[in-house]
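1. Need a 3D model of the sequence below.
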Amino acid sequence: MNLDTLMYYRQIIENKSISKVANQSHISQSALSQMMQKFEDSLGYELMERSNRGVTPTELGKIVYKYSENIMNTYNKMLEEIENYAKKSSNIRISATKSLVTYSMPCVLFRIKKVHPEHQYDLVTSELDRIIADVQNDISDLGVITSLPTKWIEGLEIVKIAEEQIVLVSSEVYSIPTEIQMEELFEYDLIMQSNSEHLYDELYRRISENGMDKELLKVLFKIDSIGAVKNALFNSYGIAMLPYPTVKRELYSKAYKQIQINDLDLHYNIYLVHKPLEHLSATSRESIETFQKLGNKAFC
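-> Numbering: from 1, shown residues only. Coordinates of the predicted model:
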């Protein structure tokens, strides 16, 4: 197997056609068919089913297709790193969760760039499991996450670098005092962000300590988008707990108001994920050191 063969296989599965890929690649259909046959022979399994409806992957072909993405990404990352080294440039790819990429990380990179103007940073959005996998497979140099993996990951270091405040907010016109007791939280409709369970960990712990049941919270609905949560707040549908950076502009402009829950200070941790320092480039090590040195000051 070579990478060209793997690339053609992916294109065939995505286009559901050998002839279409052959035309796009300016090679003959018979040559491409022979290449795929040799690919299947080398693995000892049929990877494609050919019919009048086109080409579809077999169950084993689906496995090959799934892993081929990591193989191609790793290969491209290798070429990029070789090219960067040859040019004496310093390109660092960082994967982070969506809320961090949208609201916090641009400010972080601005401040790190002030320290290392010669470095280039590529920031991409991903989910927790994908961030971990990309750092493991050298697709990303660094990862930034807001919750810890459920199990220990061999060969990676996960270090707390900052904290961000969580605030309870509503629209300015929503009928709720700016200061409430914890038990009063159960009286209002709560709009929750479904893919950010870490926001509620400390709240749930304190609710349990006070002998209350979190299941009695009046959850109006759960949404996987911060933008959608904010839109619901603008329409005065209820209240929501969100990271402070995501709503600080609305609080400043008085579109939202902050509700203080007495005796409850909520925050979540931000972690940096990377391979051991001795396995990293000098530019990655410098960036990690600056991340850690800046700490909370980097997250504006």
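2. quick one, strands of the stretch 201-300 of the chain?
-> Ranges of strands in the stretch 201-300 of the chain, per DSSP state E, counting those that start in this stretch, are 219-223, 239-243, 256-261, 267-274.
3. partners of the second one in the sheet?
-> Strand 239-243 sits in its sheet next to strand 157-171 (antiparallel), strand 190-193 (parallel), going by DSSP bridges.
4. so where's the stretch 51-200 of the chain uncertain?
-> In the predicted model of the stretch 51-200 of the chain, residues 84-90 satisfy pLDDT under 70.
5. make it 90
-> Scanning the stretch 51-200 of the chain for pLDDT under 90 picks out the ranges 51-54, 68-91, 97-104, 117-120, 127, 138, 147-154, 193-200.
6. now the helices for the protein?
-> 3-15, 18-25, 29-43, 59-87, 98-99, 105-115, 128-136, 201-209, 226-234, 244-252, 282-294 (DSSP state H).
7. can I get those in TSV with mean neighbour count and distance to Q258?
-> Backbone N, C-alpha and C define where each C-beta goes, glycine included. Shown next, in TSV, are these (neighbours: other C-beta atoms under 10 Å; distance: least, C-beta to C-beta, whole Å):
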stretch	mean neighbour count	distance to Q258
helix 3-15	17	48
helix 18-25	17	55
helix 29-43	14	59
helix 59-87	13	42
helix 98-99	18	18
helix 105-115	16	20
helix 128-136	19	28
helix 201-209	14	15
helix 226-234	18	12
helix 244-252	17	6
helix 282-294	17	26
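8. of all those helices, which lies closest to E49?
-> Proximity to E49 (C-beta to C-beta) singles out helix 59-87 among those, at 8.0 Å.
9. Pull the contacting residues for the closest residue to S225 other than its chain neighbours.
-> Spatial nearest neighbour of S225, chain neighbours left out: Q193 (7.8 Å); criterion: C-beta to C-beta, 6 or more residues apart in numbering. Q193 makes contact with 199, 222-226, 229, 240, 242, according to C-beta atoms under 8 Å, 6 or more residues apart in numbering.
10. cool, V159 as well?
-> 271-272, 292.
11. quick one: least confident of those?
-> Lowest pLDDT of the contacts of V159: Q292, 89.
12. quick one: it from I161, how far?
-> 6 Å (C-beta to C-beta, to the nearest Å).
13. just checking, L277 touches E286?
-> No: between L277 and E286 there is no contact under C-beta atoms under 8 Å: 10.5 Å.
14. quick one: which of the strands of the stretch 201-300 of the chain is nearest E179?
-> Among the strands of the stretch 201-300 of the chain, strand 256-261 sits nearest to E179 (C-beta to C-beta), with 4.8 Å.
15. The residue nearest the centre of the chain and M192: what is the separation?
-> Nearest to the geometric centre of the chain sits S126, at 2.4 Å (C-alpha atoms, centre = their mean). Computed as C-beta to C-beta, the S126 to M192 distance reads 22 Å.
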